[in-house]
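Student: Got a predicted model here, sequence first, then my questions.
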Amino acid sequence: MRGVLIGLIALVRKELLQTLRDRGVLFMLLVAPIVQLVGLGYAANMEFLHAATVLVDQDRSPESRALCRAFAADSTFVVRDVETVDEAERALREGAAQVAVIVPQAFGRELVAGHPTSVQVLIDGSDPTRGVQAGAAIEGFTAQQAARAHVRWPVGVSGVSGVSALPRVGLVPRLLYNPRLASRIFIVPGTAASILLVVSTIVTAVGLSREREMGTLEQLLVTPLSPLVLMIGKTIPYAVFGLVDATIILVLGNVLFDVPLRGPIDVVFVGTTLYLVATLSIGLLISTAAKTQQQAFMAGLFFVLPALLLSGFLTPVSAMPWWIRPVTYVTPTRWYVELVRTVLLRGGGYRDVATQLGALAALSTVVLTVATLRFRRTVG
Amino acid sequence: MKTPRRSRGAVSVQRVLAIARKEVMHIRRDLTTLYFALAMPLVMLALFGYAVTFDLDHIRVVVADEDTSAESRALLQHLFAGDTFVRAGDVPSGDDAEEWFRRGRAGVALVIPRGYGEHVARAEPIDVQVLVDAADNQTAASVLSYVGRFGMMENERLVRERVGVAPSRIEARVRALYNPALRSALFLVPGLIAMIQSMMGVILTALTVAREWERGSMEQLFSTPVSRFHIVVGKLMPYFVVAMIQLLIVLTGAVWLFDVPIRGSAVVLAGMSALFLLAMLGQGLLVSIVTKNQIIATQMASMTSMLPSLLLSGFVLPIENMPRPIQWITWVVPARYFVDASRALLLRGAGLSAVKDDILALALFSVVLLGACMVSFRRKIA
């Protein structure tokens, strides 16, 4: 047993030295993640800031002009007036505007008479998220305008003693964990998952295939270490780098993007280690199946992309159709993203992420076992 | 061995084809990679079409009804009437709601204070607290707008119950053009095509030259009377064909599975895709020539192609929201022009004049990248 341990430590040291000397790999393991994090953190800004709006006033009454002026004054809308509906539609088609507001002809008259009025809003559906946001912004805006322009009552309603005698229920929202609704705070934890995934899956798979192609793997087999120990020794450096990357990401995320750390940090590290074991096993599995580096890379990619997209990193898992959910259960990334978000943003502890830790442990065990068996078979 | 200069300089179709055929033989020896290359677009299409969506419903709400009056029950009944909100459970007070958020069992908590029913009956204003888990800011933003709309409607209902009529208001009738059902798929698919193309284009070619450098067969190639022009073009040809097949697969899948329309000219779209492909293939080849090492080539390739296409092309994250310096960077991301133009062509039915700037940009990229390939090839030989 002691001999095995010494051998293992020697192997790990060799691997670490070898990797540290390989500039290309070092770049990929350390610099690339930082670049990705910074780039993504700054680029990811999905909030709705302003919409390019074209306005068609078909009424030209004092009321409609007041409404148009109010639109122009609101900083959410960058407003341009056009003459006809055709021009407005053309602006939308060419992408010059995202929203068109058309004030119909009888608007002013109806408003003064106390009848319900409407304005037509055309949104660019080719970008549904922002289209919906723009539409919602306009709905909110017009509702505000109505309230401001004195609530008018239809002619003939008597017995109403004034607005204050009416029930008014206020639904007051309070935003927890991310009061300014910053996209970054949502995305950065997911970025950590994705960076670690790429490092431990693709880099491992390609690295191990490379060794096999170059024949240096066979050389190692001549040593008195069993294939199992060999496997562990080769993957430990990547695990180390993964943990280093995770730390860097956490620190940078906090310093640059105000991503908080509300929960206990040891939970994060335990979770990260489990996640790394799972993804490294997958990388190992791929390297046993792939015949060339190219294949290893493609297979790695084949796994990484769906794993990322199904993890809830960009879009919420709850929005996915029911038949895709089972697939997300076997995606380690999904559990890790949830874990990181719960601990970092919501201040969760071990009990709150018990499900996630359990799932990661289960996945790790299964994949590691399969990978080990295959490794023994292909190498031994 | 001295080769006559004329045969080195002349552009010979025969030689290009010879190189292309050799490349095809390489590809055929490694069919697995090819299968992956052809299957990946379909997988991505399925993922983006079905899984990656911002459309939300069945939002789980945990309820703390501290009033339990007829009025509070009516409020809850109305809230859960449709598909938007789902009642996840009840807690005694608002303080317990956070635990539900932490465990991920609900995203919203509604806290109805004691005395709600009385206030409504006496027509006095009363506030109901809505706690929103904003860790997921997109969901939270949607929740806010749903809650706002619900509040407006509920108030109208209460007023109408009391007085018999509703106050006048200005309603905004919203209609979405080009995508009336506002399906995320229509938005994502054009950008997805760009992303798949750029990824595959770059990765496939990145692996070819690097592999030859490592094996040593590149030097052997240089000893033949084939000029670098022939090598570049010949090597690119098979991958170009593969990538165009991918495009066909993705478009067919998009149209068939997701009803993505092709409202603009299909010819313009094909031409634009070809240009974009050339630029991407050129980029891959350039990476391959410069790095000479497969591991680094693949990683550089994916970093310079996959990531920018995903993040900086306007595919999922809107460019106009990005900070200025990053917006400048997007100008040198070819995928950005392709995403822009393909959305206009596919969904909005824009004409050639609207996308000609994008097409010019793509042509420029192709020329620059392919030219860089040939230039850097020469440097390596010397």
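Tutor: Everything's here; your move.
Student: all contacts plus neighbour counts: C-alpha atoms, from now on.
Tutor: Will do.
Student: Summarise which helices and strands the helix or strand hosting residue A:208 is packed against.
Tutor: In this structure, residue A:208 sits in helix A:204-214 according to DSSP states H and E. In this structure, helix A:204-214 packs against helix A:265-289, helix A:293-309, with contacts taken as 3 or more C-alpha pairs under 8 Å, 6 or more residues apart in numbering or on different chains; DSSP states H and E.
Student: Just the residues contacting it, thanks.
Tutor: With C-alpha atoms under 8 Å, 6 or more residues apart in numbering or on different chains as the contact definition, helix A:204-214 has outside contacts at A:217-218, A:235, A:238, A:280, A:283-288, A:290-294, A:296-297, A:300, B:295.
Student: Is residue B:89 in a helix, a strand, or coil?
Tutor: strand (DSSP: H, G, I helix; E, B strand; the rest coil).
Student: Give the buried residues for the helix holding residue A:208.
Tutor: A:204-210, A:212 (16 or more other C-alpha atoms under 10 Å in any protein chain shown).
Student: related to what we said a few turns ago, type out the ChimeraX command that picks the buried ones from the contacts of helix A:204-214.
Tutor: Listed next is the ChimeraX selection for buried residues among the contacts of helix A:204-214, using 16+ other C-alpha under 10 Å:
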select /A:217,235,238,280,283,284,285,286,287,288,290,291,292,293,294,296,297,300 /B:295
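Student: For the closest residue to residue B:233 other than its chain neighbours, list the residues it contacts.
Tutor: Using C-alpha to C-alpha, 6 or more residues apart in numbering or on different chains and skipping residues adjacent in sequence, the residue nearest residue B:233 is residue B:16, 6.5 Å away. Contacts for residue B:16 (C-alpha under 8 Å, 6+ apart) come out as B:230-231, B:233-234.
Student: rewinding a little: from the buried residues of helix A:204-214, which is closest to residue B:355?
Tutor: Residue B:355 has its nearest neighbour among the buried residues of helix A:204-214 in residue A:206, at 40.2 Å by C-alpha to C-alpha.
Student: Verify the contact between residue B:174 and residue A:118 for me.
Tutor: No - between residue B:174 and residue A:118 there is no contact under C-alpha atoms under 8 Å: 10.0 Å.
Student: Which neighbours do those two have in common?
Tutor: With C-alpha under 8 Å, 6+ apart as the test, residue B:174 and residue A:118 reach no residue in common.
Student: Now do the longest helix along chain A and helix A:265-289, the angle between them.
Tutor: Determined from DSSP state H, the single longest helix within chain A is helix A:227-257. On the basis of axes from the mean of the first three to the mean of the last three C-alpha atoms, to 10 degrees, helix A:227-257 is oriented at 130 degrees to helix A:265-289.
Student: what is the rounded mean pLDDT of helix A:227-257?
Tutor: Averaged over helix A:227-257, pLDDT sits at 83.
Student: Could you list the buried residues of that helix?
Tutor: Under 16+ other C-alpha under 10 Å, the buried positions of helix A:227-257 are A:227, A:230-231, A:233-239, A:241-243, A:245-254, A:257.
Student: Of those, which are in range of chain B?
Tutor: Counting by C-alpha under 8 Å from any C-alpha of the partner chain, nothing from the buried residues of helix A:227-257 sits close to chain B.
Student: pLDDT below threshold where in the chain?
Tutor: Using chain A here. Across chain A, the ranges flagged by pLDDT under 70 are A:24-25, A:45-50, A:114, A:126, A:128-129, A:132, A:143-168, A:379-380.
Student: Correction: the question concerned chain B.
Tutor: B:1-11, B:54-55, B:164-171, B:179, B:181-185, B:206, B:292-295, B:378-382.
Student: tell me the secondary structure for whatever residue of it ends up closest to chain A?
Tutor: Closest to chain A within chain B is residue B:123: 4.0 Å, counting by C-alpha to the nearest C-alpha. With three-state DSSP as the basis, residue B:123 sits in coil.
Student: Over to residue A:172?
Tutor: Residue A:172 - assigned by three-state DSSP - is strand.
Student: Run through the bridge partners of it.
Tutor: residue B:129 (DSSP bridges).
Student: And for residue A:7, the neighbour number?
Tutor: Counted with other C-alpha atoms under 10 Å in any protein chain shown, residues neighbouring residue A:7 total 19.
Student: you'd agree it is up against residue A:225?
Tutor: Yes - using C-alpha under 8 Å, residue A:7 is in contact with residue A:225, at 6.8 Å.
Student: And the longest helix of chain A, what does it pack against?
Tutor: helix A:2-21, helix A:32-43, helix A:183-197, helix A:265-289, helix A:354-379.
Student: the inter-axis angle of it versus helix A:183-197?
Tutor: Going by the same axes, to 10 degrees, helix A:227-257 makes 160 degrees with helix A:183-197.
Student: give me the number of residues near residue A:17?
Tutor: 12.
Student: Where do the strands of the stretch 1-150 of chain A begin and end?
Tutor: Using DSSP state E, counting those that start in this stretch, the strands of the stretch 1-150 of chain A run over A:51-57, A:77-82, A:99-103, A:117-124.
Student: And the ones you listed: which comes nearest chain B?
Tutor: strand A:117-124 (4.5 Å).
Student: most packed of the strands of the stretch 1-150 of chain A?
Tutor: With neighbours defined as mean count of other C-alpha atoms under 10 Å in any protein chain shown, the strands of the stretch 1-150 of chain A peak in mean count at strand A:99-103, which reaches a mean of 27.
Student: That one and chain B, any residue contact?
Tutor: No - residues of strand A:99-103 contacting chain B under C-alpha under 8 Å from any C-alpha: none, with a closest distance of 8.9 Å.
Student: so how far is that strand off the chain centroid?
Tutor: On the basis of C-alpha atoms, centre = their mean, to the nearest Å, strand A:99-103 sits 33 Å off its chain's mean C-alpha point.
Student: Output the contacting helices and strands for that strand.
Tutor: Strand A:99-103 packs on strand A:51-57, helix A:85-93, strand A:117-124, helix A:128-148, going by 3+ C-alpha pairs under 8 Å, 6+ apart.
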